[in-house]
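*Asks:* Sequence and predicted structure, then a few things I'm wondering about:
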Amino acid sequence: MTYEEKVRWLWRYRDAMRLEEELRQELETQRARACKTTAALTGAPGGGGDGQALPRAVESIVAAQQELQAQINLCGATRREVVAALDQITDARDHEILRRRYLLGQRFEEIAVEMMLEYRWVRRLHKRAVTNIDI
């Protein structure tokens, strides 16, 4: 694999986590929508609907929960793969840079500040460490 392909492969975990968070928000939106009750305050009689609003809401919530659970399982599997790849790095500093970048999602600037390293040095160490990973 090229350097760019390895970086894309390592980013899979953060991408999966981002999708998981979107699914969590969608589930919460559906729950809030299902629990929302509003009174009809008009003088005109309204249509009663088909009476299936609650079962449809429950059905969509259950489907969203199943989709979220599948994404959580995918995140766990992807994380294990990425951690296994990062564990190939024997240098503790290089391992920490990759862990912060691909598991915690930190930017190079944040990594440099927290590890008390120069930004350019972090970028250089990152490239060397990713190049040494065998995926």
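*Replies:* Alright, I've got the coordinates.

*Asks:* Now tell me what touches stretch 10-22 from outside.
*Replies:* 68, 71-72, 74-75, 78-79, 81-82, 85, 98, 101-103, 105, 130, 133 (CB atoms under 8 Å, 6 or more residues apart in numbering). For glycine as for every other residue, the C-beta is placed from the backbone atoms N, C-alpha and C.

*Asks:* ah, wrong one, I meant stretch 104-116
*Replies:* For stretch 104-116, the external contacting residues (CB under 8 Å, 6+ apart) are 14, 17, 93, 96-97, 100-101, 117-119, 121-123, 126.

*Asks:* Please, a PyMOL command that selects the buried ones among those residues?
*Replies:* Selecting the buried subset of the contacts of stretch 104-116 in PyMOL, with 16 or more other CB atoms under 10 Å as the burial test, is done by:
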select buried, resi 14+17+96+97+100+101+117+122+126
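
*Asks:* can you tell me which two in the contacts of stretch 104-116 are farthest apart?
*Replies:* 17 and 118 (28.6 Å; CB to CB).

*Asks:* Backbone dihedrals for residue 106, please?
*Replies:* With angles defined as degrees, to the nearest 10, residue 106 sits at phi -80, psi 150.

*Asks:* ok, it to residue 120 distance?
*Replies:* Separation of residue 106 from residue 120 (CB to CB, to the nearest Å): 16 Å.

*Asks:* just for the chain, where's the confidence low?
*Replies:* Across the chain, the ranges flagged by pLDDT under 70 are 37-51.
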